[in-house]
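Engineer: test case, fold it:
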Amino acid sequence: MEDFKKNLLKMGKTNRTVPAVLLIAAAFFLLFGIFLIPHKDQPFDPTSGGYASLNIVYVMGPFAEQTSDGRTVKKYYVAENDKGYWSIISTENSCPFPVYNETISDADLKAMVPQTAVGQSKKIPKKLAGYLVDYFNNNGFELSLSDYEQTLGDHYLDTTAPLMGSSLVLFIFSAVFFILSVIVLISFRKNSNHIQTRIQELMQDGEFEPLCQDFQSTDAAFYDRLGLAVSPHYLLDFSNLQYGFSVYPLDQFYNVFKCNMVNGQPTTSNYIALELKNGQRILVAACPNTSKSFNTALDMLKQSVNGGMQW
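Structural biologist: I've put the predicted structure just below:
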């Protein structure tokens, strides 16, 4: 009897692979996100990408601005580092670094203490390069689109890029998959409780013992993917787990066949249809495509149901 109960409770977890797949996906996105987090900032290299840091003494400009909905969201500057080299950086609208001829003058330069900027090294777009060349030429420096890379490189440091970057997106995906797996596991728990309640009802009514005995037959089978269990004299339908499962004695049916129509209308699902002697029809084992287990269950029911033509 205990084995029979266990088999019944397992039917409440018909898609046991689902939470496992969801948890594996959650773990994958979590680990991949951790892997992408920059654990150490490399010194900014104006010829390559990646997360980097730059010791900035002051900046000049801005030579370009990026707007969105009429608001300035990013500004581009020429930055001098602690070794006297120039690099291109971008900042938020409010620049956190000293701006030459704006907040500082030549007299202040010797006393300036470098500030470390951290961000993502990105390729300089052609349009931005045009603004950069114009800025230098307007300030007495000869520069062209063909040779600016030799002086300033072809990358700029975007200090507005979040350090988590794509890792944050992956963490969100991980959290979503984890929450979905928890929801599925909770539904499994609820389904098991409903089935347990149904078992108790059958035991109180004295109907569980004969059911258990019939499922001791070697011909009895549980089809978890179909939400169906069949014995020589009973059919158990788990399609509505909110109520546990339904018990149908097979001697009340006179016909069984495969059906793909509901209320006279064709559907994309296939069903096993069982007709009662009063003309009513019960549809079970809904599935988009007939499988081996579907056909096996159908054949078993055809053998058990007596009388009438079996399609």
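
Engineer: and the lengthiest strand in the chain, which residues are buried?
Structural biologist: Determined from DSSP state E, the single longest strand within the chain is strand 50-68. Within strand 50-68, the residues that qualify as buried are 51-64, counting by 16 or more other C-beta atoms under 10 Å. C-beta coordinates here come from the backbone N, C-alpha and C atoms, glycine included.

Engineer: in the stretch 201-311 of the chain, which spans are helices?
Structural biologist: For the stretch 201-311 of the chain, the helices identified by DSSP state H, counting those that start in this stretch occupy 208-214, 292-304, in order along the chain.

Engineer: and the ones you listed as CSV, adding distance to Arg281?
Structural biologist: Putting these into CSV (distance: least, C-beta to C-beta, whole Å) gives the following:
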stretch, distance to Arg281
helix 208-214, 23
helix 292-304, 14
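
Engineer: do you know which of those lies nearest Ile24?
Structural biologist: Between Ile24 and those, the tightest spacing by C-beta to C-beta is seen for helix 292-304, at 25.2 Å.

Engineer: how far off centre is that closest one?
Structural biologist: Here the centre of mass of C-alpha atoms in helix 292-304, compared against the chain's by C-alpha atoms, centre = their mean, to the nearest Å, lies 37 Å away.

Engineer: which one of the buried residues of strand 50-68 is nearest Ser187?
Structural biologist: Minimum distance to Ser187 across the buried residues of strand 50-68 is 41.4 Å, recorded for Tyr51 (C-beta to C-beta).

Engineer: might one say that the closest one is in contact with Ser121?
Structural biologist: Yes. Using C-beta atoms under 8 Å, Tyr51 is in contact with Ser121, at 7.4 Å.

Engineer: how about the helices in the stretch 51-200 of the chain?
Structural biologist: 126-138, 148-152, 166-204.

Engineer: out of the ones you listed, the one nearest Ala20 is which?
Structural biologist: Checking the helices of the stretch 51-200 of the chain against Ala20 by C-beta to C-beta gives helix 166-204 as the closest, at 8.2 Å.

Engineer: which other helices and strands contact the closest one?
Structural biologist: For helix 166-204, the elements it packs on are helix 2-10, helix 17-36, helix 208-214, judged by 3 or more C-beta pairs under 8 Å, 6 or more residues apart in numbering; DSSP states H and E.

Engineer: among the helices of the stretch 201-311 of the chain, which comes closest to Trp86?
Structural biologist: When the helices of the stretch 201-311 of the chain are compared for distance to Trp86 using C-beta to C-beta, the nearest one is helix 292-304, at 71.1 Å.

Engineer: give me the contacts around that closest one.
Structural biologist: Counting by C-beta atoms under 8 Å, 6 or more residues apart in numbering, the neighbours of helix 292-304 from elsewhere in the structure are 219, 221, 223, 225-226, 228, 230, 232-233, 235, 250, 256-258, 270, 272, 274, 285, 287, 310.
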